[in-house]
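> need coordinates for the following:
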Amino acid sequence: MPSNSLSVSASAHSPPRIQPVNYLIEIHFAGELLAATTRALQVSHEDQAPVFYLPPADIRDHFLELARDRSYCEFKGVARYFNLVVGHQSAACAAWSYPAPKIGYEALRNHVAFYADRVDAAFVDGVRAQTDQSSYGGWLLSPKANENRHV
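So this is what the prediction gives:
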């Protein structure tokens, strides 16, 4: 979890893989559709649920407020966090991105990932996602949905 200081995530795992996916990814919060895309990047760590990074053009970014929090990934670099603010509703550090990712992860530049449990709903092709509490914000889908998507 991010904090006001720079938190570091260390890993003995192999580097995560990035692949483009054409699933319909939707993010809902406070009665608004914050993002919808079929151009997400799926980042997969060895034994963890995948994280979906959405392109900035497909996000209603006026609902994102830059937070002071930062974290560091040995593979991807420094992440910045965003609070979601819609009217009087907010969610602290509900999303993150890598403005200057490390070599090999440049495709993630300014794409935004969301914690599924900090928004009202996150969907992959109509299947509701939950945050995998044992990972770095990965999304869990039903076993059947995961099987069909090879996630």
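
> neighbours around the residue nearest to residue 31 when sequence neighbours are not counted, how many?
Closest residue to residue 31 apart from its sequence neighbours, by CB to CB, 6 or more residues apart in numbering: residue 86 at 7.3 Å. To be clear about C-beta, it is placed using only N, CA and C from the backbone, and glycine gets the same treatment. Residues contacting residue 86 under the criterion other CB atoms under 10 Å number 16.

> try residue 131
Neighbour tally, residue 131, other CB under 10 Å: 20.

> excluding sequence neighbours, find me the nearest residue to residue 118.
The shortest distance from residue 118 to any non-neighbouring residue, by CB to CB, 6+ apart, is to residue 94 (3.7 Å).

> residues in contact with the most centrally placed residue in the chain?
Most central in the chain under CA atoms, centre = their mean is residue 113, positioned 2.0 Å from the mean C-alpha point. Neighbouring residues of residue 113 by CB atoms under 8 Å, 6 or more residues apart in numbering: 43, 51, 52, 53, 54, 95, 96, 97, 137.

> looking at these, which two lie furthest apart in space?
43 and 95 (14.2 Å; CB to CB).

> coming back round to it: could you look up the SS state of the residue nearest to the centre of the chain?
Classification of residue 113 using DSSP: H, G, I helix; E, B strand; the rest coil returns strand.

> ok, the residue lying farthest from the centre of the chain to residue 20 distance?
Distance from the C-alpha centroid of the chain, by CA atoms, centre = their mean, peaks at residue 88 (23.1 Å). Distance from residue 88 to residue 20, counting by CB to CB, to the nearest Å: 36 Å.

> and for residue 55?
From residue 55 to residue 20 the distance is 10 Å (CB to CB).

> show me which of those two is the more surrounded one.
More neighbours surround residue 55 than the other of residue 55 and residue 20, with 15 against 10 (other CB under 10 Å).
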